[in-house]
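Colleague: The following comprises the amino acid sequence and a computationally predicted model.
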Amino acid sequence: MAKRARVKPEYLRPDEFAAWQGILLAATRVLRALDEGLRAHHGISVAEFDVLITLANAPKRRLRMSELARSVALSPAGLTHLVTRLERERLVAREVDARDRRGFHTVLTDSGHERLDASRPLHNRIIRDRLLDRMTADDRRQLGAIWKRLDADAN
(Lines give C-alpha, C1' and ligand atoms only; values in the text may rest on other atoms or scores of the structure.)
Protein backbone atom coordinates (compact mmCIF):
# COMPACT_ATOMS: atom_id res chain seq x y z
CA MET A 1 0.00 0.00 0.00
CA ALA A 2 1.40 3.37 -1.00
CA LYS A 3 1.72 6.08 1.61
CA ARG A 4 -0.13 9.28 0.90
CA ALA A 5 1.83 12.46 1.16
CA ARG A 6 1.02 14.32 4.32
CA VAL A 7 -0.45 17.72 3.68
CA LYS A 8 1.40 20.47 5.52
CA PRO A 9 -0.96 22.09 8.01
CA GLU A 10 -1.74 25.75 7.65
CA TYR A 11 -0.79 27.85 10.65
CA LEU A 12 -1.72 31.36 11.63
CA ARG A 13 1.09 33.86 11.36
CA PRO A 14 2.54 34.88 14.75
CA ASP A 15 0.74 38.25 14.74
CA GLU A 16 -2.54 36.56 13.79
CA PHE A 17 -2.10 33.92 16.48
CA ALA A 18 -1.28 36.52 19.15
CA ALA A 19 -4.37 38.57 18.25
CA TRP A 20 -6.66 35.54 18.18
CA GLN A 21 -5.26 34.00 21.36
CA GLY A 22 -5.54 37.37 23.12
CA ILE A 23 -9.23 37.69 22.24
CA LEU A 24 -9.96 34.16 23.45
CA LEU A 25 -8.00 34.43 26.69
CA ALA A 26 -9.35 37.86 27.61
CA ALA A 27 -12.95 36.86 26.89
CA THR A 28 -12.64 33.54 28.72
CA ARG A 29 -11.03 35.07 31.81
CA VAL A 30 -13.49 37.97 32.08
CA LEU A 31 -16.54 35.79 31.44
CA ARG A 32 -15.36 33.21 34.00
CA ALA A 33 -14.83 35.92 36.63
CA LEU A 34 -18.22 37.47 35.81
CA ASP A 35 -20.00 34.14 36.05
CA GLU A 36 -18.34 33.24 39.36
CA GLY A 37 -18.99 36.67 40.88
CA LEU A 38 -22.58 36.99 39.70
CA ARG A 39 -23.47 33.47 40.86
CA ALA A 40 -21.83 33.92 44.26
CA HIS A 41 -23.24 37.36 45.05
CA HIS A 42 -26.48 37.62 43.06
CA GLY A 43 -27.57 34.07 42.24
CA ILE A 44 -27.48 34.54 38.46
CA SER A 45 -25.11 33.38 35.74
CA VAL A 46 -23.45 35.69 33.27
CA ALA A 47 -25.83 34.33 30.58
CA GLU A 48 -28.82 35.17 32.78
CA PHE A 49 -27.40 38.66 33.40
CA ASP A 50 -27.08 39.05 29.63
CA VAL A 51 -30.76 38.18 29.15
CA LEU A 52 -31.85 40.57 31.91
CA ILE A 53 -29.80 43.50 30.59
CA THR A 54 -30.90 42.83 27.01
CA LEU A 55 -34.54 42.93 28.09
CA ALA A 56 -33.93 46.06 30.20
CA ASN A 57 -32.65 47.82 27.08
CA ALA A 58 -35.48 46.59 24.82
CA PRO A 59 -38.60 48.63 24.07
CA LYS A 60 -41.13 48.05 26.86
CA ARG A 61 -38.61 45.64 28.45
CA ARG A 62 -39.76 42.82 26.12
CA LEU A 63 -38.54 40.86 23.12
CA ARG A 64 -39.81 37.95 21.07
CA MET A 65 -38.01 34.76 22.08
CA SER A 66 -36.37 34.51 18.64
CA GLU A 67 -35.05 38.10 18.84
CA LEU A 68 -33.77 37.54 22.36
CA ALA A 69 -31.99 34.33 21.33
CA ARG A 70 -30.20 36.19 18.52
CA SER A 71 -29.30 39.10 20.80
CA VAL A 72 -27.70 36.94 23.47
CA ALA A 73 -26.18 34.43 21.01
CA LEU A 74 -28.03 31.38 22.32
CA SER A 75 -29.81 28.64 20.45
CA PRO A 76 -33.60 28.74 20.70
CA ALA A 77 -33.51 25.61 22.89
CA GLY A 78 -30.77 27.06 25.11
CA LEU A 79 -32.72 30.27 25.55
CA THR A 80 -35.91 28.38 26.37
CA HIS A 81 -34.15 26.54 29.22
CA LEU A 82 -32.57 29.75 30.51
CA VAL A 83 -35.87 31.68 30.36
CA THR A 84 -37.60 28.82 32.19
CA ARG A 85 -35.08 29.17 35.05
CA LEU A 86 -35.50 32.96 35.14
CA GLU A 87 -39.27 32.57 35.02
CA ARG A 88 -39.21 30.21 38.04
CA GLU A 89 -37.42 32.97 39.96
CA ARG A 90 -39.96 35.51 38.67
CA LEU A 91 -37.21 37.58 37.02
CA VAL A 92 -38.92 37.33 33.62
CA ALA A 93 -42.36 36.36 32.36
CA ARG A 94 -43.51 34.90 29.06
CA GLU A 95 -46.46 36.44 27.31
CA VAL A 96 -48.21 35.30 24.15
CA ASP A 97 -47.58 37.67 21.25
CA ALA A 98 -50.91 39.46 20.72
CA ARG A 99 -50.22 39.90 16.98
CA ASP A 100 -48.98 36.36 16.33
CA ARG A 101 -50.51 33.96 18.85
CA ARG A 102 -47.92 31.31 17.93
CA GLY A 103 -45.03 33.31 19.38
CA PHE A 104 -44.03 34.51 22.82
CA HIS A 105 -42.40 37.58 24.28
CA THR A 106 -40.02 37.41 27.21
CA VAL A 107 -40.70 40.32 29.54
CA LEU A 108 -38.44 41.65 32.28
CA THR A 109 -40.36 41.78 35.56
CA ASP A 110 -39.85 44.38 38.28
CA SER A 111 -38.02 41.71 40.32
CA GLY A 112 -35.78 41.01 37.35
CA HIS A 113 -35.04 44.70 36.97
CA GLU A 114 -34.20 44.95 40.69
CA ARG A 115 -31.83 41.93 40.46
CA LEU A 116 -30.19 43.45 37.40
CA ASP A 117 -29.70 46.82 39.12
CA ALA A 118 -28.29 45.12 42.22
CA SER A 119 -25.80 43.08 40.17
CA ARG A 120 -24.59 45.84 37.82
CA PRO A 121 -21.96 47.33 40.16
CA LEU A 122 -20.25 43.95 40.59
CA HIS A 123 -20.54 43.24 36.85
CA ASN A 124 -18.97 46.58 35.95
CA ARG A 125 -16.26 46.29 38.62
CA ILE A 126 -15.17 42.88 37.31
CA ILE A 127 -15.04 44.13 33.71
CA ARG A 128 -13.01 47.15 34.78
CA ASP A 129 -10.66 45.18 37.06
CA ARG A 130 -10.06 42.30 34.64
CA LEU A 131 -9.97 44.24 31.38
CA LEU A 132 -10.71 47.94 30.97
CA ASP A 133 -8.48 49.37 33.71
CA ARG A 134 -5.54 47.47 32.19
CA MET A 135 -5.80 49.64 29.06
CA THR A 136 -5.32 53.30 28.35
CA ALA A 137 -8.27 55.40 27.23
CA ASP A 138 -6.71 55.39 23.75
CA ASP A 139 -6.49 51.57 23.81
CA ARG A 140 -10.20 51.39 24.67
CA ARG A 141 -11.15 53.81 21.89
CA GLN A 142 -9.09 51.86 19.35
CA LEU A 143 -10.51 48.55 20.47
CA GLY A 144 -14.04 49.96 20.31
CA ALA A 145 -13.39 51.19 16.77
CA ILE A 146 -12.08 47.76 15.76
CA TRP A 147 -15.17 45.97 17.14
CA LYS A 148 -17.45 48.50 15.43
CA ARG A 149 -15.69 47.94 12.09
CA LEU A 150 -15.83 44.17 12.46
CA ASP A 151 -19.53 44.33 13.35
CA ALA A 152 -20.27 46.58 10.35
CA ASP A 153 -18.37 44.19 8.08
CA ALA A 154 -20.43 41.26 9.37
CA ASN A 155 -23.73 42.80 8.27
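Modeller: On my side now, so go ahead.

Colleague: Residue 74 reaches residue 47, doesn't it?
Modeller: Yes. Between residue 74 and residue 47 there is a contact under Cβ atoms under 8 Å: 7.1 Å. For the C-beta atoms, the positions are set from N, CA and C on the backbone; glycine is no exception.

Colleague: Need the residues touching each of these two.
Modeller: Jointly contacting residue 74 and residue 47 under the rule Cβ atoms under 8 Å, 6 or more residues apart in numbering are residue 82.

Colleague: three-state assignment of residue 63?
Modeller: Under DSSP: H, G, I helix; E, B strand; the rest coil, residue 63 falls in the strand class.

Colleague: Give me the helices and strands touching the longest helix anywhere in the chain, please.
Modeller: As assigned by DSSP state H, the longest helix anywhere in the chain is helix 14-42. Counting contacts by 3 or more Cβ pairs under 8 Å, 6 or more residues apart in numbering; DSSP states H and E, helix 14-42 is packed against helix 46-56, helix 110-130.

Colleague: Which positions within it qualify as buried?
Modeller: 30, 33, 34, 35, 37, 38, 42 (16 or more other Cβ atoms under 10 Å).

Colleague: The helices and strands packed on helix 14-42: which one's closest to residue 101?
Modeller: Residue 101 lies closest to helix 46-56 among these, at 21.3 Å (Cβ to Cβ).

Colleague: Show me which residues of the closest one are buried.
Modeller: Neighbour-count burial for helix 46-56, counted by 16+ other Cβ under 10 Å, picks out 46, 47, 48, 49, 50, 51, 52, 53, 54, 55.

Colleague: Thanks a lot, catch you later.
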